[in-house]
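J.: quick one: sequence and predicted model below, then my questions.
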Amino acid sequence: MSYPQSVRLREVGPRDGIQSEKAVVPTADKIRLINALSSTGIRRIEAVSFVSPRALPQMADAGAVLTGIERNPEVFYSALVPNRKGAEAAVDANADGMQVFIAATDSYNLKNVRKTVAESLNDVAEVAELGRDSGVPVEATISTSFGDPDEGDVAPQRVLELSRWMLDHGLGAISYGDTTGMATPRRVAELVEALSGHGLPGLDINMHFHDTRGTGLANVVTALQLGVDYFDAAVGGMGGSPFASEASGNIATEDLVHMLDDMGVATGVDLGALIAAADIAQGFVEGELPGKVLRAGPRAGGRGRPGVER
């Protein structure tokens, strides 16, 4: 079986993970987590989102977080933004890059930003333009790329059309979000094959999987087999979506690194340091984080946690 020799990982726990917490996490705890993640070998961290504080109070301190962290010069710190206003705030806070997001379905996009997909495309274009003018790189995120509970499965053709539009507007790196955990290996293969087989020069595919229905790592393996080498994950398996209650956490970064290490796929990440960062997150989140390696430890030896059988 052939896999890429190495992968790029983007840690999204500080943004996608923390935003789902009901209680507002203190700014100092957010900064502490990002600083810990910065020393794990991870080279990309999605640190915050610049969205309406009324819609998402958890991210009201985004500027303070981004300006308060101890920046590792080898780490690329990005921010998620919905529109030009958010992008301007990200640039002012010296974000290294931005992700601008849109959903593949109107139902989810309306829940998320109160606009249809067609209406949001103008916002995406404005963010792309601001990124070019300011010299801040912009990547795109297409949420619900595999479906949502209201509209069901999303056809690869729909995602392909949005991808073409993104590329036409200078957005070559696109993250395909399994926002509500509806992806399976078969559907991942269908989407990646559609994207790869329709002449999209310059497309850089990122996959963002949730583990809602237990298929997260299986989806990664399928994507790897098809040549994808860029993935999102969240430390401890934090996260979900504040606009989709059934969407449980992202795939856990330490679970992903543990699996890739054993497969011989290089990540450049120190698994022990990553587990230590997950412990920091566990200290301020509500409930037990779902990451498996966080609880059981690496396969070479468990962590000796009470109640864990090995």
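T.: Yes, it's here.

J.: hey, where'd the strands end up in the protein?
T.: Applying DSSP state E to the chain gives strands spanning 8-11, 44-49, 76-81, 97-103, 138-143, 147-148, 152-153, 173-177, 204-208, 230-233.

J.: would you mark the buried spots in the fifth one?
T.: Judged by neighbour count (16 or more other C-beta atoms under 10 Å), strand 138-143 contains these buried residues: 138-143. For glycine as for every other residue, the C-beta is placed from the backbone atoms N, C-alpha and C.

J.: now do the last one
T.: When neighbours are counted by 16+ other C-beta under 10 Å, the buried residues of strand 230-233 are found to be 230-233.

J.: do the first one as well
T.: Residues of strand 8-11 classed as buried: 9-11 (neighbour count, 16+ other C-beta under 10 Å).

J.: got the contact list for the residue nearest to Ile102 when sequence neighbours are not counted?
T.: Once flanking residues are discounted, Ile102 sits nearest to Ser120: 4.8 Å by C-beta to C-beta, 6 or more residues apart in numbering. Listed by C-beta atoms under 8 Å, 6 or more residues apart in numbering, the contact set of Ser120 reads 82, 102-103, 109, 113.

J.: ranking the residues you listed by neighbours, who comes first?
T.: Ala103 (28 neighbours; other C-beta atoms under 10 Å).

J.: and that one, what does it touch?
T.: Applying C-beta under 8 Å, 6+ apart to Ala103 gives the contacts 109, 112, 117, 120, 142-144, 148, 179.

J.: kindly report the same for Ile102.
T.: Ile102 is in contact with 109, 117, 120-121, 123-124, 140-143, 162, counting by C-beta under 8 Å, 6+ apart.

J.: pLDDT added to those, as a markdown table?
T.: Conversion of the contacts of Ile102 to a markdown table gives the following (pLDDT from 0 to 100):
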| residue | pLDDT |
| --- | --- |
| Asn109 | 94 |
| Val117 | 97 |
| Ser120 | 97 |
| Leu121 | 98 |
| Asp123 | 98 |
| Val124 | 98 |
| Ala140 | 98 |
| Thr141 | 98 |
| Ile142 | 98 |
| Ser143 | 97 |
| Leu162 | 98 |
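
J.: of those, which is the nearest to Ala47?
T.: Distance to Ala47, by C-beta to C-beta, is smallest for Thr141 among these, at 15.0 Å.

J.: how about Gln282, nearest residue that isn't a chain neighbour?
T.: Closest residue in space to Gln282, ignoring its immediate chain neighbours: Leu289 at 5.2 Å, by C-beta to C-beta, 6+ apart.

J.: check the burial of that neighbour by counting its neighbours.
T.: When neighbours are defined as other C-beta under 10 Å, Leu289 has 23 of them.

J.: residues in contact with it?
T.: Contacts of Leu289 by C-beta under 8 Å, 6+ apart are 236-238, 249, 252, 278, 281-282.

J.: not counting its neighbours along the chain, what's nearest Thr216?
T.: For residue 216 the amino acid is Gly, not Thr. In space, Gly216 is closest to Ile251, 3.8 Å off (C-beta to C-beta, 6+ apart).

J.: that neighbour contacts Asp211, correct?
T.: Yes - assessed by C-beta atoms under 8 Å, Ile251 is found in contact with Asp211 at 5.2 Å.

J.: intersection of neighbour lists for the two?
T.: 217, 237.

J.: as TSV, the buried residues of strand 138-143 with distance to Ala89 would be great.
T.: Shown next, in TSV, are these (distance: C-beta to C-beta, whole Å):
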residue	distance to Ala89
Val138	14
Glu139	17
Ala140	18
Thr141	17
Ile142	22
Ser143	21
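
J.: which two from those end up farthest apart in space?
T.: Using C-beta to C-beta, the buried residues of strand 138-143 span at most 16.1 Å, a distance reached by Val138 and Ser143.

J.: before we move on, the earlier item: same list (the strands of the chain) but as TSV, adding distance to Glu129.
T.: Formatted as TSV, the strands of the chain follow (distance: least, C-beta to C-beta, whole Å):
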stretch	distance to Glu129
strand 8-11	23
strand 44-49	20
strand 76-81	13
strand 97-103	11
strand 138-143	9
strand 147-148	29
strand 152-153	33
strand 173-177	17
strand 204-208	20
strand 230-233	24
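
J.: how far away is the residue lying closest to Val81 once chain neighbours are set aside from Val65?
T.: Nearest non-adjacent residue to Val81, counting by C-beta to C-beta, 6+ apart: Ala87, 4.6 Å away. Using C-beta to C-beta, to the nearest Å, we find Ala87 at a distance of 17 Å from Val65.
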